[in-house]
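Participant: Okay, predicted coordinates and the sequence, questions at the end:
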Amino acid sequence: LNPPPHPQVSPPSCEETRKAAPGPAPPPRRPEPDGVTMKSVPFKFTPDSARKIVGETKGAHLDLHSRSVSVAGVQALADVLAEAPHITGLNLYLNQLGAEGANEVKNMLIEGGGGRHLQVLNLRNNSMGVEGAKHIAEGIRSNRNLIQLNLDANGMGPKGIEAIADALRENTTLTSLGLAFNQCKDAGARALASALKSNRSLTALDVEGNNMKKASLELVEVSLSSSIRILNLSCNGISDSIGCRIAKTLLPCGKDFKNDLTAKLDEKSLAEQKGSTGVQELLLRGNRIHLKGMMALADIAEKIGLRIDLRYNTSGAEANRILYVLEILRHLPLHVLASTVMDYVPEIDYAGTRKI
């Protein structure tokens, strides 16, 4: 069977996938408590202005992203935050704090530190490197208040991620962790997988764009029996063969999927598996998974009730073929098909009705 011709569409970049909708959403990048009001601050944050800015902030969240906060500014901020327990969220995104600034953040988070009461902290894109990662790891190791932490795009590398992973073994409050675009590679992924075996608080982990090709399978395996509910493995160069192995890992009772990717599963196995896995949302956007892997993953995800995002893994022609094959075999409802490949097949609307 040949599907009807469809114009070629080039897959978008990884950054464009962040803005794509609908479909499962990645873990929250810069979460804010409900009803928060943000106070406008001067373009450049200085130590002298710290007390005034914090004093004028009536909401629970202090937004200082891209405000040229220096190391001295972090020190001053810590002193002032000690007197402002109503502020539980701090956004320091894009301030180029470096390793030295990360050390001051550590001092803020440890017992007795001025920011030990913070619950939400965004440190994305601050050029912390390996040494900065070690400082942050020391800060979160004993912290008992921080719930959401974003460390995306800090150039931590495998060694830095290993330090963070080691701290997760002792941390008992962190529920959401962003480590996207840190080049942690397979070594860092294995360290995280090992840490998740003992951590029982983390529910959302974002490791997008970290070039963890083979070790991503280990993260999926661990997530099935851990506290993880949302796992983002997008843009990691995951191949079609690894995609098939991930599908097999998700399969109930270890049933062999080697020769029959659309094998029927007995009702008892499905009933035991459905809803019993730890992970509930698996994001695999922008990898290198093709026809065989996508069919296996989509089929198993539907059977066990797993929300999965497979967008931007194929060219437009191949995505159209996948849709055609799956629809003919009727292995997935149309609304699942639409959310899987709708970006390449505009004739499918969100209600699941063909527009041909």
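Facilitator: Cool, got the structure. Numbering: from 1, shown residues only.

Participant: Can you pull the poorly scored residue ranges out of this structure?
Facilitator: 1-44, 252-277, 315-356 (pLDDT under 70).

Participant: Would you map the helices across it?
Facilitator: Using DSSP state H, the helices of the chain run over residues 14-17, 50-56, 71-81, 98-109, 129-141, 157-168, 185-196, 216-223, 240-250, 267-273, 291-304, 316-329, 334-341.

Participant: Tabulate those helices (TSV), appending distance to Leu231 and mean neighbour count.
Facilitator: For every residue, glycine as well, the C-beta is placed using N, CA and C. As requested, these are exported to TSV (distance: least, C-beta to C-beta, whole Å; neighbours: other C-beta atoms under 10 Å):
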stretch	distance to Leu231	mean neighbour count
helix 14-17	16	16
helix 50-56	36	16
helix 71-81	31	20
helix 98-109	25	22
helix 129-141	20	22
helix 157-168	15	22
helix 185-196	10	21
helix 216-223	5	22
helix 240-250	11	20
helix 267-273	17	13
helix 291-304	13	21
helix 316-329	22	18
helix 334-341	17	21
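
Participant: Among those, which comes closest to Gln119?
Facilitator: Relative to Gln119, the nearest member of the helices of the chain by C-beta to C-beta is helix 98-109, separated by 11.4 Å.

Participant: show me the contacts for Val130.
Facilitator: Met156, Gly157, Lys159, Gly160, Ala163 (C-beta atoms under 8 Å, 6 or more residues apart in numbering).

Participant: let's see it at 10 Å
Facilitator: Neighbour list for Val130: Ala99, Asn154, Gly155, Met156, Gly157, Pro158, Lys159, Gly160, Ile161, Glu162, Ala163 [criterion: C-beta atoms under 10 Å, 6 or more residues apart in numbering].

Participant: Then Gly157?
Facilitator: Taking C-beta under 10 Å, 6+ apart as the definition, contacts of Gly157 comprise Gly129, Val130, Ala133, Asn182, Gln183, Cys184, Lys185, Ala187, Gly188, Asn210.

Participant: Quickly check the residues you listed for the two that are furthest apart.
Facilitator: Gly129 and Ala187 (16.3 Å).

Participant: quick one: which of the helices of the chain is nearest Asn122?
Facilitator: Closest of these to Asn122 is helix 98-109, at 11.2 Å (criterion: C-beta to C-beta).

Participant: now that closest one and helix 129-141, what's the angle there?
Facilitator: Here the directions of helix 98-109 and helix 129-141 differ by 0 degrees (axes from the mean of the first three to the mean of the last three C-alpha atoms, to 10 degrees).

Participant: what angle separates helix 98-109 from helix 71-81?
Facilitator: Orientation check (the same axes, to 10 degrees): helix 98-109 against helix 71-81 gives 10 degrees.

Participant: Helix 98-109 packs against which elements?
Facilitator: helix 71-81, strand 120-122, helix 129-141 (3 or more C-beta pairs under 10 Å, 6 or more residues apart in numbering; DSSP states H and E).

Participant: Return that helix as PDB; C-alpha atoms alone will do.
Facilitator: Taking Å, rounded to 0.1, in the frame of the first residue of the first chain, the C-alpha atoms of helix 98-109 are listed here in PDB:
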ATOM      1  CA  GLY A  98      30.000  31.500  36.400                       C
ATOM      2  CA  ALA A  99      31.500  29.200  39.000                       C
ATOM      3  CA  GLU A 100      32.100  31.900  41.500                       C
ATOM      4  CA  GLY A 101      28.500  33.000  41.400                       C
ATOM      5  CA  ALA A 102      27.400  29.400  41.700                       C
ATOM      6  CA  ASN A 103      29.400  29.200  44.900                       C
ATOM      7  CA  GLU A 104      27.500  32.200  46.300                       C
ATOM      8  CA  VAL A 105      24.200  30.500  45.300                       C
ATOM      9  CA  LYS A 106      25.400  27.400  47.300                       C
ATOM     10  CA  ASN A 107      26.000  29.600  50.300                       C
ATOM     11  CA  MET A 108      22.500  30.900  49.900                       C
ATOM     12  CA  LEU A 109      20.900  27.400  49.800                       C
END
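
Participant: Please name the residues that touch the closest residue to Ala82 other than its chain neighbours.
Facilitator: In this structure, Ala82 finds its nearest non-sequential neighbour in Gly114, 3.7 Å apart by C-beta to C-beta, 6 or more residues apart in numbering. Counting by C-beta under 10 Å, 6+ apart, Gly114 touches 74-84, 107-108.
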